[in-house]
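> Take this sequence and fold it.
(2 chains)
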Amino acid sequence: SQQGEEDPQALSIQEGENATMNCSYKTSINNLQWYRQNSGRGLVHLILIRSNEREKHSGRLRVTLDTSKKSSSLLITASRAADTASYFCATDGGNTGKLIFGQGTTLQVKP
Amino acid sequence: EPEVTQTPSHQVTQMGQEVILRCVPISNHLYFYWYRQILGQKVEFLVSFYNNEISEKSEIFDDQFSVERPDGSNFTLKIRSTKLEDSAMYFCASSWTGFDQPQHFGDGTRLSIL
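Numbering: from 1, shown residues only, chains lettered A, B, ... in the order given. Below is the predicted model of the structure:
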């Protein structure tokens, strides 16, 4: 399998705290993407980081990529109750757009 | 903002029946995908489609599955003879290219096989 593990599987924090989620993968990639899924909804794209990039920011999101360790992390700063969702990393290793998803991290942000 | 729309939102079907799930991708996108998510599990790739052809399919996408773009706007997934294990959320997605692009997902069709 191209995809490895995400950790933690579940994370519960207070509003205003930072949340960090980690993702590991097994094979070479073109890019790694992070998606959010609210309960009963589709996946929403958050950020894409290419294999030649090490860090990327988007608003309160910060993503890092370490291709030597085949790992990535997603940091959400100053979390809000509305950030409560499942977060998935997905790797793109080919040219057909096929995404391989991790198991996801369920984040609960308590008001 | 343009979005991917899927119908129906919930489909209940008897085992052995055929089912067609429908999707309208974002209009200027060229690549289309189906994924599925069995309850409590991760999202799994089924198939990618470009230029009226399947560009890649997974082991899950066996002969019971087919995809079609019957006109300029719809993209469908057909399951010929449904099994209990086909019960899942099915997500359609589209992207402008098949390389280095985010994918835009619909809200899914919940398929329940009885």
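> can you give me the offset of the helix or strand harbouring B:Ala93 from its chain's centre?
Using DSSP states H and E, B:Ala93 sits in strand B:88-95. Its chain's C-alpha centre and that of strand B:88-95 lie 5 Å apart, by Cα atoms, centre = their mean, to the nearest Å.
> B:Glu85 falls within a helix, correct?
Yes. Under DSSP: H, G, I helix; E, B strand; the rest coil, B:Glu85 falls within a helix.
> Identify the residues contacting it.
Neighbouring residues of B:Glu85 by Cβ atoms under 8 Å, 6 or more residues apart in numbering or on different chains: B:Ile113. Bear in mind the C-beta positions are built from the backbone N, C-alpha and C, glycine included.
> how much space between it and chain A?
In this view, B:Glu85 and chain A are 19 Å apart by Cβ to the nearest Cβ, to the nearest Å.
> Give me the below-cutoff pLDDT ranges for chain B.
Chain B contains no residues with pLDDT under 70.
> Equivalent analysis for chain A, please.
In chain A (pLDDT under 70), the answer is A:1-4.
> Close to chain B: what parts of chain A are there?
By Cβ under 8 Å from any Cβ of the partner chain, the residues of chain A that approach chain B are A:3, A:30-31, A:33, A:35, A:40-45, A:48, A:50, A:88, A:90, A:92, A:94-104.
> so what secondary structure elements neighbour the strand holding B:Ala93?
strand B:5-7, strand B:19-24, strand B:31-37, strand B:75-79, strand B:104-105, strand B:109-113 (3 or more Cβ pairs under 8 Å, 6 or more residues apart in numbering or on different chains; DSSP states H and E).
> Run through the bridge partners of B:Lys78.
B:Ile20, B:Ser66 (DSSP bridges).
> quick one: the residue nearest the centre of chain B from chain A, how far?
Compute the mean C-alpha point of chain B, and by Cα atoms, centre = their mean the closest residue is B:Trp34, 3.2 Å away. Per Cβ to the nearest Cβ, B:Trp34 is found 11 Å from chain A.
> Contacts only, for that residue.
Contacts of B:Trp34 by Cβ under 8 Å, 6+ apart are B:21, B:23, B:46-47, B:67, B:77, B:90-93.
> what about the closest residue to it other than its chain neighbours, helix or strand, and which?
Leaving aside its sequence neighbours, B:Trp34 sits nearest to B:Leu46 (Cβ to Cβ, 6 or more residues apart in numbering or on different chains; 4.3 Å). Here B:Leu46 sits within strand B:43-50, counting by DSSP H and E.
> what separates that strand from the chain centre, distance-wise?
From the chain centre to the centre of strand B:43-50 is a distance of 7 Å (Cα atoms, centre = their mean).
> Now do it: everything it contacts.
Strand B:43-50 is contacted from outside by A:43, A:88, A:90, A:96-101, B:30-38, B:54-58, B:60-61, B:65, B:67, B:69, B:75, B:77, B:90-91, B:98, using Cβ under 8 Å, 6+ apart.
> For B:Thr5, list the residues it contacts.
B:23-24, B:106.
> from the contacts of strand B:43-50, which would you call buried?
Neighbour counting over the contacts of strand B:43-50 (16 or more other Cβ atoms under 10 Å in any protein chain shown) leaves A:43, A:88, A:90, A:96-101, B:30-37, B:55-58, B:60-61, B:65, B:67, B:69, B:75, B:77, B:90-91, B:98 as the buried ones.
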